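Novice: let me see the structure of the following:
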Amino acid sequence: MKLCTFTKNGFSRVGARIGEEIVDSHGTEGIPADMLGFLAAGSLARERLADLAEQGANRVPVSETVLEAPVPNPSKFLAISLNYDKHIAETGRDRPEYPSFFNKQTSCVTGPGYPIHRPRVSEKLDYEGELALVIGRRCRHVPWEEAGGVIAGFMVANDVSVRDWQIRSPTFTLGKSFDTHGPTGPWIVTSDEIADPHNLHVQTWVNDEQRQSFNTGEMIFNCFEQIEYLSTVMTLEPGDIISTGTGSGVGVKMRPRGYMKAGDRVRIEIEGIGVLENPVVEEPESTTCF
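Specialist: Residues are numbered from 1 along each chain as shown. Have a look, this model is predicted:
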């Protein structure tokens, strides 16, 4: 299934995307209204949503809805750096001995079609097309051989980065966590529909220019190894997002620099999952809070 969070008539809930329609779970017993609750409910909720889909009931046209970030409020948004050799080569950095993770603060999460803000404090706004996985159940000390069993599914992520702010912190967190700099979506493709997450073609475009093209099989530390490593340290919860790294072709390494600017559109496509597209705008004055 393609699990999604969507808004209709001002109310958000969980559904399943089928063609140009969404199976609306609203009011169905046993299906929580939010994605965290849905994932925590486990196989029962998924089976009930699958039953709705098979019945052909509760369908609404996609055109009457707004797709949101599939997991709007994860407890964790973790991302790995330097996980592809060609990206390491373009940065001039050393190949890591261990997986190197950083946090994207969860307030950065946004959905498909929503604008990415170019912040007032920097013009060095960059993209990173990535495969993201979503944890499906609470787990700790997961061996890599069993890690596939804790993954609810996969989605597209854009690890938007403000390069000068990124280097202000050894952990990268500040430059990775600006509001709107965590686009994800357009849905979660459940694990049973992805035969091999380590053989997916990832492409990134800015406007009509292709910037990135790589395969997830080129990862240094694969999805299962990442789960094993992280779960050694912390309990992973349903809805936690792990973004698995980007390939070469980032804007900061282009000559001239290929930073995103207002008016651009960034589009990331992952084979078997879908397309995540977002416009870039100047950070609006409305984001000022006192």
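Novice: next, count neighbours for residue 141.
Specialist: 9 (other Cβ atoms under 10 Å). Heads up, the C-betas are built off the backbone N, CA and C, glycines and all.
Novice: oh, that last question was meant for residue 282, not what I typed.
Specialist: Neighbour number of residue 282 under other Cβ under 10 Å is 13.
Novice: and the longest helix for this structure?
Specialist: Using DSSP state H to define each element, the chain has its longest helix at helix 43-55.
Novice: what about that one, average pLDDT?
Specialist: What helix 43-55 shows for mean pLDDT is 93.
Novice: same check on stretch 174-183?
Specialist: Mean predicted confidence for stretch 174-183 is 98.
Novice: would you indicate which residues of the longest helix of the chain are buried?
Specialist: Of all the residues in helix 43-55, those buried under the rule 16 or more other Cβ atoms under 10 Å are 45, 46, 48, 49, 52, 53.
Novice: which residues touch it?
Specialist: The contact list for helix 43-55 (Cβ atoms under 8 Å, 6 or more residues apart in numbering) reads 1, 3, 14-16, 18, 23, 25, 28-32, 38, 58, 190.
Novice: from these, keep the buried residues only.
Specialist: Buried among the contacts of helix 43-55 (16+ other Cβ under 10 Å): 1, 3, 14-16, 23, 25, 28, 31-32, 38, 58, 190.
Novice: out of the residues you listed, which one sits closest to residue 237?
Specialist: Distance to residue 237 across the buried ones among the contacts of helix 43-55 (Cβ to Cβ) is lowest for residue 38, with 13.4 Å.
Novice: quick one: the helices in the stretch 51-200 of the chain?
Specialist: Secondary structure of the stretch 51-200 of the chain (DSSP state H, counting those that start in this stretch): helices at 85-91, 163-166, 173-176.
Novice: please point out which parts of the second one sit buried.
Specialist: By neighbour count on 16+ other Cβ under 10 Å, the buried set for helix 163-166 is 163, 165, 166.
Novice: now, which of those residues sits nearest residue 125?
Specialist: For the buried residues of helix 163-166, the nearest to residue 125 is residue 163 (8.0 Å; Cβ to Cβ).
Novice: how near is the closest one to residue 146?
Specialist: 37 Å (Cβ to Cβ, to the nearest Å).
Novice: with residue 178 instead?
Specialist: In terms of Cβ to Cβ, residue 178 sits 36 Å off from residue 146.
Novice: so which of those two has more stuff around it?
Specialist: For residue 178 versus residue 146, neighbours defined as other Cβ under 10 Å are more numerous around residue 178 (24 against 12).
Novice: ok, residue 110 - contacts?
Specialist: 69, 116, 180, 181, 182, 183, 184, 278.
Novice: next one, pLDDT for it please.
Specialist: Value for residue 110, per-residue pLDDT: 98.
Novice: and it, how far from residue 42?
Specialist: 27 Å.
Novice: the bottom helix or strand of this structure by mean pLDDT?
Specialist: helix 43-55 (a mean of 93; mean pLDDT, DSSP states H and E).
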